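K.L.:
model this:
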Amino acid sequence: MNVRLVAATNRDLEKMIADKESRTDLYYRLNVFPIRIPPLRECKEDIPLLVSHFVQKIAKEMQKPIEAIPTAVMKGLRTWDWPGNTRELENFIERAVIVTRGKSLEAPLAELRKTNTEAFVHTDLHEVKPVAGERANSPNDKSSAANEYKGKQRDQIIRAGGADGAAARLGMNRTTLRSRMKKLGIYAK
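P.N.:
Model (predicted):
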């Protein structure tokens, strides 16, 4: 058997070893051919290419005829630091494609201006506020971001509501919409 293992992390393994949070032997087993990829905030010139790629890919999946990305939208996307790197950018573009109604991408750039110190409404049941002094990379921040995304996705589906045409209004297949509704706990009456 010929096996190759590819491992990726966004953590500083050398610092973790120094802090005794990781094993030295594991580090040396994995550190055969390290490839260091800078974060997206350091490669702003890549953003237009990534945005174009994601828009084409996602619009095709959702069968939406998006043909243009306005200059103002691209400028807004280039100014954000993208702490979640390409995954955050791709998820944001997916939201933008979902809300786009015409042939030109309509990105909710106001979402990017939010900071960790603002209150985020995650569901219609409760409100979550970050605790002062909480570390930016804590697991709670990740779950808060995930809850925020789910809440927004839930709200979009509810707003698109109605027995007929909700899937078309959201630019997705009916089966995909039903699956998301079930996952988010939305039950049609």
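K.L.:
would you list every one of the helices in the chain?
P.N.:
In the chain, the segments counted as helices under DSSP state H are 13-18, 24-30, 47-61, 71-79, 85-99, 139-160, 166-170, 174-184.
K.L.:
worst average pLDDT in these?
P.N.:
Mean pLDDT is lowest for helix 139-160 out of the helices of the chain, coming in at a mean of 70.
K.L.:
can the helices of the chain go into a markdown table with extra columns for distance to L5?
P.N.:
Where C-beta positions appear, they are placed from N, C-alpha and C, glycine not excepted. A markdown table is the format used below for these (distance: least, Cβ to Cβ, whole Å):
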| stretch | distance to L5 |
| --- | --- |
| helix 13-18 | 15 |
| helix 24-30 | 8 |
| helix 47-61 | 27 |
| helix 71-79 | 34 |
| helix 85-99 | 21 |
| helix 139-160 | 25 |
| helix 166-170 | 39 |
| helix 174-184 | 32 |
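K.L.:
Save these as CSV, and put in distance to N2 and mean neighbour count too.
P.N.:
Output for the helices of the chain, formatted as CSV (distance: least, Cβ to Cβ, whole Å; neighbours: other Cβ atoms under 10 Å):
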stretch, distance to N2, mean neighbour count
helix 13-18, 26, 14
helix 24-30, 17, 12
helix 47-61, 32, 16
helix 71-79, 41, 14
helix 85-99, 29, 18
helix 139-160, 35, 15
helix 166-170, 45, 17
helix 174-184, 38, 14
